[in-house]
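S.K.: Kindly return the folded structure for what I paste below:
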Amino acid sequence: MSLKLYYAPGACSFVPHSSLELAGATFEPALIKLHKAEQRAPEYLAINPRGQVPVLVDGDEVITQIPAIVLYLDGKFPEAGLLPASGVARTRALQTLAWMNNTVHPTFTHVFMPQKFTADEAAQKAVKAHAVEVYRGLLGEIEALAQKASPWLSGDKPGALDAYALTLLRWGGFAGIDPNSLPATWALVQRFAALPAVARAIERERLELNVFKG
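M.R.: From the prediction side, this is the model:
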């Protein structure tokens, strides 16, 4: 077995995790416990010096960062349709994937880890409160995309965008955002989660889809 995915439950690594399952790939899942700081252990830093998940290892190749991993898997398993194959549809999907990764995802980091951006406790509270409202608006943009899904975010096959939407909406629950307030996204996420391949990744990560505590 040459493919190995280093992942953490509930993290953005769910995107390649579920993508590997959708592709029917044979791979070794390697659990990294972030709460135990295993991402900072010397043996892990030897694989990824940035101390982040996910990491995909394919033989001698070590690939990090969600967009790069998704593109690599899409090239390795083109029949899975993780992204549209060509044309404007592919361009639009890559546009959305990049936005999810470089805008929506970092906004949640400001909610979940405001201490990364300021050491001042009062400022941390302000950063978090502001980021929650920004994040709410960004989820609203995903809701608009979900309303137009046909039937999935990138077309007729479930793929990486749906996996990222699931991750980002789930995180919204930790920010106090009820998934039911985004009905199209919530319906899409539940359909995606019900797919047998995706359900395997969810079971392995022991994920609860709705973490909102109203």
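
S.K.: in stretch 141-150, what counts as buried?
M.R.: Within stretch 141-150, the residues scored as buried using 16 or more other CB atoms under 10 Å are Ile142, Glu143, Leu145, Ala146, Ala149. Where C-beta positions appear, they are placed from N, C-alpha and C, glycine not excepted.

S.K.: quick one, what contacts the residue nearest to the last one when sequence neighbours are not counted?
M.R.: Closest residue to Ala149 in three dimensions, ignoring its sequence neighbours and counting by CB to CB, 6 or more residues apart in numbering: Leu188, at 5.8 Å. Leu188 is in contact with Ala146, Ala149, Trp152, Leu153, Asp162, Ala165, counting by CB atoms under 8 Å, 6 or more residues apart in numbering.

S.K.: let's see 10 Å
M.R.: By CB atoms under 10 Å, 6 or more residues apart in numbering, Leu188 lies in contact with 142-143, 145-147, 149, 151-153, 158, 161-162, 165-166, 169, 182.

S.K.: coming back round to it: including distance to Leu82, could the buried residues of stretch 141-150 go into JSON lines?
M.R.: JSON lines is the format used below for those (distance: CB to CB, whole Å):
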{"residue": "Ile142", "distance to Leu82": "18"}
{"residue": "Glu143", "distance to Leu82": "22"}
{"residue": "Leu145", "distance to Leu82": "17"}
{"residue": "Ala146", "distance to Leu82": "18"}
{"residue": "Ala149", "distance to Leu82": "16"}
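
S.K.: of these, closest to Ser13?
M.R.: Nearest to Ser13, judged by CB to CB, of those is Ile142 at 19.2 Å.

S.K.: Could you check the longest helix seen in the chain and say which residues are buried?
M.R.: Ranked by number of residues, the top helix in the chain under DSSP state H is helix 121-147. For helix 121-147, the neighbour count (16+ other CB under 10 Å) marks 124, 127-128, 131-132, 135-136, 138-139, 142-143, 145-146 as buried.

S.K.: before we move on, what about stretch 68-75?
M.R.: By neighbour count on 16+ other CB under 10 Å, the buried set for stretch 68-75 is Ile69, Val70, Leu71, Leu73, Asp74.

S.K.: quick one: contacts of it?
M.R.: Outside stretch 68-75, the residues touching it (CB under 10 Å, 6+ apart) are 3, 5, 13, 15-16, 19-20, 22-23, 25, 27, 54-56, 58, 61, 63, 65, 80-85, 90, 93-94, 97, 101, 159-161, 163-164.

S.K.: 8 Å instead?
M.R.: 15-16, 19-20, 23, 25, 54, 56, 58, 63, 80, 82-83, 97, 160.

S.K.: So the nearest residue to Thr96 once chain neighbours are set aside, which state does it fall into?
M.R.: Distance criterion CB to CB, 6+ apart; nearest residue to Thr96, sequence neighbours excluded, is Leu161 at 5.7 Å. Assigned with DSSP: H, G, I helix; E, B strand; the rest coil, Leu161 falls in the helix class.

S.K.: Great, nothing more from me.
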